[in-house]
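Peer 1: Fold the following and give me the result.
(chains A, B, C and D)
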Protein chains: 2
Amino acid sequence: MTSTLGFAILAVLARGERTGYDIAAAMRRPVSYFWTAGHSQIHAELQKLTAGGLVAFETRHGPGPQDKKVYRLTPEGGDALRAWITEPPRGRPERDELVLKTYASWLADPELVRRLFAEQLRAHEERLAEYEREEELFGGPPDPGDPRFGNYAALRCGLGYERHRAEWCRWMVGQLSASLKPSWEAVKPSEP
Amino acid sequence: MTSTLGFAILAVLARGERTGYDIAAAMRRPVSYFWTAGHSQIHAELQKLTAGGLVAFETRHGPGPQDKKVYRLTPEGGDALRAWITEPPRGRPERDELVLKTYASWLADPELVRRLFAEQLRAHEERLAEYEREEELFGGPPDPGDPRFGNYAALRCGLGYERHRAEWCRWMVGQLSASLKPSWEAVKPSEP
DNA sequence: TCAGACTATGTCAGAAGTGACATAGTCTGC
DNA sequence: GCAGACTATGTCACTTCTGACATAGTCTGA
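Peer 2: Model prediction:
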């Protein structure tokens, strides 16, 4: 009954041993393109995974008030992870606050909605540029047996997502500008 | 302190009065492109919204063991909804199980991973065709002041998303097929 | 006439996720 | 030498979400 977060942790540990702190840091970026968790969740989940025999830890001295615990996958953990990968994902319901706002946007001031989407567009373009820079660091797709393939494939997904999202925001801004223009034009005194 | 689910309910009620049951049904499709909730959540939230004065209900006789409650927006509810629409969305962390599987895919049997993505591709293509049929029912984008604009804009987002996702799955299948071919070729006896 | 689907509202236990609080040693730069 | 950032693990209260359980009248078609 391992949760998806549990498998996310196993997937990180499959690349090498880590402390809970390391895993939390890794889940801010770049694993965070697709899964995030606070350190409070990670420590709790590591205790469950340890109890289930999927991970094991070794105590080592380090900075910090307590000794650090370096976790690694057990053979059982590796088996569980491999089996999970090819199982069809249990569909999480999609919840997208921006699309919900869009659904209700007909009620709001079009100029304020336009600004909202212009800002979102800017943010997506920024992240897209960032992902593009990261993509350049790979010299084309790694082999599917290479751990780096996982990173590259996830990055490809992120690139596609940001492009789709930016395009949609651009369309929204266009729609809202078009609807604003007539009254804006009407206010402006006529020119030859 | 209304939750996003609360605003989702307000957004549905902005289009007309509904019972909790109706809202739950609406949130399966087509609001479900971007927000879903079980009926147990909706009834609980409606009680909170009523307590907060954002919605009001009228009891009417209908089928079912209890009289039905027909909810509508109050003026305060309308104000709260309008104010919320143009506020920047509070970023929900992205959690995507399929991308997580991708990140770990280098560990698994490439043929099984290929099948996983082939199946996902099929599902996305199916949904894309469905959305395209729905788009045809609109004769172009409605005016941004029209409630149907909300539906159309959300559908546009869904279309872009499914296209991006299908393209990514197709790329994954391609990558995995390419890596499988060499050994598949090696097994097959040479042909002139 | 009777089965089964649909309408309709609600509770409850539990899982998953968030943010604050607690604690304390080490490393870096000014 | 000292401030502040970083390393490091953990608890707790709270919110959100899920799925099961509970209840019961009406409508439809075989």
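Peer 1: Direction-wise, compare the longest helix seen in chain A with helix B:147-187 and give the angle.
Peer 2: Selection of the longest helix in chain A by residue count, based on DSSP state H, yields helix A:147-187. Between the direction of helix A:147-187 and that of helix B:147-187, the angle (axes from the mean of the first three to the mean of the last three Cα atoms, to 10 degrees) works out to 150 degrees.
Peer 1: Pull the distance from helix A:147-187 to the chain's centre.
Peer 2: Going by Cα atoms, centre = their mean, to the nearest Å, the spacing between the C-alpha centre of helix A:147-187 and its chain's C-alpha centre is 17 Å.
Peer 1: Average pLDDT for that helix, rounded please.
Peer 2: The pLDDT scores in helix A:147-187 average 87.
Peer 1: try stretch A:115-129
Peer 2: Per-residue confidence for stretch A:115-129 averages out to 96 on the pLDDT scale.
Peer 1: Which other helices and strands does the longest helix of chain A contact?
Peer 2: With contacts taken as 3 or more Cβ pairs under 8 Å, 6 or more residues apart in numbering or on different chains; DSSP states H and E, helix A:147-187 sits against helix A:110-137, helix B:97-103, helix B:147-187. From N, CA and C alone the C-beta is placed, and that goes for glycine too.
Peer 1: closest one to residue B:9 among those?
Peer 2: Nearest to residue B:9, of all the helices and strands packed on helix A:147-187, is helix B:147-187, at 14.8 Å by Cβ to Cβ.
Peer 1: So which bits of chain A are right by DNA strand D?
Peer 2: Counting by Cβ under 7 Å from any atom of the strand, the positions of chain A adjacent to DNA strand D are A:19-22, A:24-25, A:39-40, A:43-44, A:46-47, A:62-66, A:68-69, A:92-93, A:95.
Peer 1: Can you sort out which of these also neighbour chain B?
Peer 2: When those are filtered against chain B using Cβ under 8 Å from any Cβ of the partner chain, the residues retained are A:92, A:93, A:95.
Peer 1: By pLDDT, give me the weakest of the residues you listed.
Peer 2: Lowest model confidence among these falls on residue A:92, which carries 77.
Peer 1: right, and it touches residue B:94 too?
Peer 2: No - taking Cβ atoms under 8 Å as the definition, residue A:92 is not a contact partner of residue B:94, at 10.7 Å.
Peer 1: Quick check: the gap between the residue nearest the centre of chain A and residue B:100.
Peer 2: Within chain A, one residue has its C-alpha closest to the average C-alpha position: by Cα atoms, centre = their mean, that is residue A:33, at 2.4 Å. Residue A:33 is 10 Å from residue B:100, where distance means Cβ to Cβ, to the nearest Å.
Peer 1: Flag every buried residue along stretch A:124-134.
Peer 2: Under the neighbour-count criterion of 16 or more other Cβ atoms under 10 Å in any protein chain shown, stretch A:124-134 has A:124, A:125, A:127, A:128, A:131 buried.
Peer 1: Out of these, which comes closest to DNA strand C?
Peer 2: residue A:127 (18.6 Å; Cβ to the nearest atom of the strand).
Peer 1: how deep is the residue nearest to that closest one when sequence neighbours are not counted tucked in, by neighbour count?
Peer 2: The shortest distance from residue A:127 to any non-neighbouring residue, by Cβ to Cβ, 6 or more residues apart in numbering or on different chains, is to residue A:162 (5.3 Å). Applying the criterion other Cβ atoms under 10 Å in any protein chain shown, we find 21 residues in the vicinity of residue A:162.
Peer 1: Confirm for me that residue A:162 is in contact with residue A:128.
Peer 2: Yes - when contacts are counted by Cβ under 8 Å, residue A:162 is listed as touching residue A:128 (4.1 Å).
Peer 1: returning to what we had before: I'd like the list of the residues of chain A next to DNA strand D that fall within helices, please.
Peer 2: Assignment to helices by DSSP H places the following of these there: A:20, A:21, A:22, A:24, A:25, A:39, A:40, A:43, A:44, A:46, A:47.
Peer 1: Nothing else from me, thank you.
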